[in-house]
Each structure stands twice: as C-alpha cells, then as structure tokens.
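**Student:** prediction below, plus the sequence it came from.
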Amino acid sequence: MQDFDDTIGNLEMRAESFGYCKRERLRKLGFHKIHFQRHRYLLVYRVKQDSVIVEGMYHELQDYEKMIG
C-alpha cells in the first residue's frame, strides 16, 4: 500500500512529466504511464486541465495498451 501511496504522490506533484504510452493511438489520446517503484504495476492516466484521470492499474506483464478501448 505504501508503494501505491508513493506513486500517487509522485503523480500529484508531476503528472505531466511521466512518459506517454508506446502505442501511437494512446499517445494521441494523451495517455501517460507511471511505474510503481517497488512492485511490477503501473498506472495509466490522462491529464485534463488541473485533474489526473486514472484509466487503470495494470501488472507490467499485461498488454494494457490493447485493453484500453
């Protein structure tokens, strides 16, 4: 749980600075990703004005880019 909280804290402070998803379709939609530091999970999200909208939390072995509609 601490890793999740730390990841959310990083997201709150600098959401715009994390990399975009690899697939061009998702990049065009503005999807970013942030990896957890101590676990094999990541959050996929978008930035809308002053808000961060989390699309989902995925294990790094999942093909999350295919799963996002």
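**Tutor:** Thanks, I have it.
**Student:** which residues are in contact with residue 10?
**Tutor:** Listed by C-beta atoms under 8 Å, 6 or more residues apart in numbering, the contact set of residue 10 reads residue 34. Quick note: C-beta positions are derived from backbone N, CA and C, even for glycine.
**Student:** buried sites along the longest helix along the chain?
**Tutor:** Ordering each helix of the chain by length in residues (DSSP state H) puts helix 2-14 first. Residues of helix 2-14 classed as buried by neighbour count (16 or more other C-beta atoms under 10 Å): 7, 10, 11.
**Student:** do you know how far the second one is from residue 16?
**Tutor:** Right, the one you point to is residue 10. Per C-beta to C-beta, to the nearest Å, residue 10 is found 12 Å from residue 16.
**Student:** which strands and helices sit next to the helix or strand containing residue 44?
**Tutor:** Using DSSP states H and E, residue 44 sits in strand 41-48. Helices and strands touching strand 41-48, by 3 or more C-beta pairs under 8 Å, 6 or more residues apart in numbering; DSSP states H and E, are helix 2-14, strand 32-35, strand 51-59.
**Student:** list of residues touching that strand?
**Tutor:** So strand 41-48 is in contact with 7, 11, 15-16, 21, 26, 29-36, 52-60, 64, 68, going by C-beta under 8 Å, 6+ apart.
**Student:** run the chain-centre distance for it.
**Tutor:** 3 Å (C-alpha atoms, centre = their mean, to the nearest Å).
**Student:** so that strand versus helix 2-14, what angle?
**Tutor:** 20 degrees (axes from the mean of the first three to the mean of the last three C-alpha atoms, to 10 degrees).
**Student:** give me the sheet partners of strand 41-48 and which way each runs.
**Tutor:** strand 32-35 (antiparallel), strand 51-59 (antiparallel) (DSSP bridges).
**Student:** with mean neighbour count, distance to residue 42 and mean pLDDT added, can I get those in TSV?
**Tutor:** Below are the strands paired with strand 41-48 laid out as TSV (neighbours: other C-beta atoms under 10 Å; distance: least, C-beta to C-beta, whole Å; pLDDT from 0 to 100):
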stretch	mean neighbour count	distance to residue 42	mean pLDDT
strand 32-35	19	5	97
strand 51-59	14	6	96
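**Student:** all set, thanks.
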